[in-house]
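1. Mind looking at a prediction? Sequence and model below.
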Amino acid sequence: MPNWYYCYIIMVTLMANSAHGGSFYQVFEPTFGGNRVKIFQAGQLLSLSLDRISGSGIKSRNKYLFGRIDMQLKLVAGNSAGTVTSFYLSSLGSTHDEIDFEFLGNVSGQPYTLHTNVFTQGKGNREQQFHLWFDPTNNFHTYSMVWNPKLIIFLVDNTPIRVFRNHEAIGVPFPKNQPMRIYSSLWNANDWATQGGLVKTDWKKAPFTAFYRNFNANACIWKGSHSSCSATSARAFTDSAWKSQNFNLDAKSRRRLRWVQRYHMIYNYCTDFKRFPQGVPPECKQSTL
């Protein structure tokens, strides 16, 4: 039996045993930006800032192979044009895998663009973009990624907005072999982030700041060449809420997914026929529900 499948079975029965949140001091470390990364409230609140000199970023100390990752974010308020706040999973190298949330800022009063993407073996180009049904700068909202060998689900406040299924049977690579760290960053992308780069960052509004809290990884931690989801501990647990997310969305979730994609999706690579004149990628012809 392949290693990834074994870990998948364990994950279904064990996720509660592998869940952890805890202090940002314990779970994350800075990647760049120096004192632009700040931790408050005894490790329960984190902020990233961007100014003209530098942005900032963090990464998880652990790697994960399958699970559910949740983070609450409160995005840069006011004129955030040119800024990008990211929250994603990624491995390293030219053939890396990656699962992306990126929040593209805008001028005051205009909506953020939530940009999602999936990379497999170093190749992305699977973008879907959304305008959210709330102002993500007023309050904290929960952004989640469910990842297992069968599918990837992107969720906002527990509402599914996108499903990317494993279509290896028709030759589409799927991220299932590379453990990934959690990353987040706030950086300047005024050459493309807002209206294709037409609207630039207003540095008079700097520093730009985004806030993070209530991180949780209900996931299998990867240490060396082994998963924390061991066979011994798995016997003590039974399948519960993860079953629907591991196999199929329930009826309510399917309705919510269709609602988001009908009324809030603003770009879907699967319908961009100018970009793919020879035909859209093969996974686009398969059902996501």
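-> Looks like it arrived, so ask away.
2. secondary structure element for residue 145?
-> Under DSSP states H and E, the secondary-structure element containing residue 145 is strand 141-147.
3. Could you please name the strands that strand pairs with and the direction of each pair?
-> strand 63-74 (antiparallel), strand 151-156 (antiparallel) (DSSP bridges).
4. Redo those strands as TSV? Include mean pLDDT and distance to residue 53.
-> Glycine gets a C-beta too; all of them are placed from N, C-alpha and C. Listed next are the strands paired with strand 141-147 as TSV, based on pLDDT from 0 to 100; distance: least, Cβ to Cβ, whole Å:
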stretch	mean pLDDT	distance to residue 53
strand 63-74	95	23
strand 151-156	96	32
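5. For residue 45, find the nearest of these.
-> Ranking the strands paired with strand 141-147 by their distance to residue 45 (criterion: Cβ to Cβ) puts strand 63-74 first, at 9.8 Å.
6. buried set for the next helix or strand after that closest one?
-> Read in the C-terminal direction, the helix or strand following strand 63-74 is strand 83-90, with elements assigned using DSSP H and E. Judged by neighbour count using 16 or more other Cβ atoms under 10 Å, the buried positions of strand 83-90 are 83, 84, 85, 86, 87, 88, 89, 90.
7. what's the answer for stretch 43-62, then?
-> Buried residues in stretch 43-62 (16+ other Cβ under 10 Å): 44-50, 55-60, 62.
8. In strands only, show me those.
-> Those of those mapping onto strands are 45, 46, 47, 48, 49, 50, 56, 57, 58, 59, 60, per DSSP state E.
9. Pick the one among those residues closest to residue 22.
-> The closest of these to residue 22 turns out to be residue 60 (Cβ to Cβ; 11.2 Å).
10. show me what contacts the closest one?
-> By Cβ atoms under 8 Å, 6 or more residues apart in numbering, the contact set of residue 60 is 27, 28, 181, 182, 183, 217.
11. State the helix or strand in which the third one lies.
-> Going back to what we said before, that points to residue 181. Secondary structure assigned from DSSP H and E places residue 181 in strand 181-188.
12. Pull the distance from that strand to the chain's centre.
-> The chain centroid and the centroid of strand 181-188 are separated by 11 Å under Cα atoms, centre = their mean, to the nearest Å.
13. ok, now stretch 144-151?
-> Relative to its parent chain, stretch 144-151 has a centroid offset of 10 Å by Cα atoms, centre = their mean.
14. mind checking the end-to-end distance for it?
-> Across stretch 144-151, the straight-line distance between its terminal residues is 14 Å, by Cα to Cα, to the nearest Å.
15. let's have the chain start at 545 instead
-> With 545 as the first residue, the last one maps to stretch 688-695.
16. could you point out the longest strand in the protein?
-> Under DSSP E, the chain gives strand 752-767 as its longest strand.
17. Just the buried positions in that strand, please.
-> Going by neighbour count (16+ other Cβ under 10 Å), the buried part of strand 752-767 is 752-757, 759-766.
18. What angle do strand 685-691 and that strand make with each other?
-> With axes from the mean of the first three to the mean of the last three Cα atoms, to 10 degrees as the basis, strand 752-767 and strand 685-691 are set at 30 degrees to each other.
19. Neighbouring strands of strand 752-767 in the sheet, and parallel or not?
-> Using DSSP bridges, the neighbouring strands of strand 752-767 in the sheet come out as strand 563-564 (antiparallel), strand 589-594 (antiparallel), strand 607-618 (antiparallel), strand 770-771 (antiparallel).
20. Make JSON lines out of these and add distance to residue 794.
-> Listed next are those as JSON lines, based on distance: least, Cβ to Cβ, whole Å:
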{"stretch": "strand 563-564", "distance to residue 794": "21"}
{"stretch": "strand 589-594", "distance to residue 794": "33"}
{"stretch": "strand 607-618", "distance to residue 794": "16"}
{"stretch": "strand 770-771", "distance to residue 794": "27"}
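21. Of the ones you listed, which is nearest residue 748?
-> Among these, the nearest to residue 748 by Cβ to Cβ is strand 589-594 (13.5 Å).
22. Run the chain-centre distance for that closest one.
-> With Cα atoms, centre = their mean as the basis, the distance from the averaged C-alpha position of strand 589-594 to the chain average is 18 Å.
23. outside of that strand, which residues touch it?
-> Residues outside strand 589-594 that contact it (Cβ under 8 Å, 6+ apart) are 568, 572, 577, 580-584, 599-602, 620, 627, 629, 728-732, 750-757.
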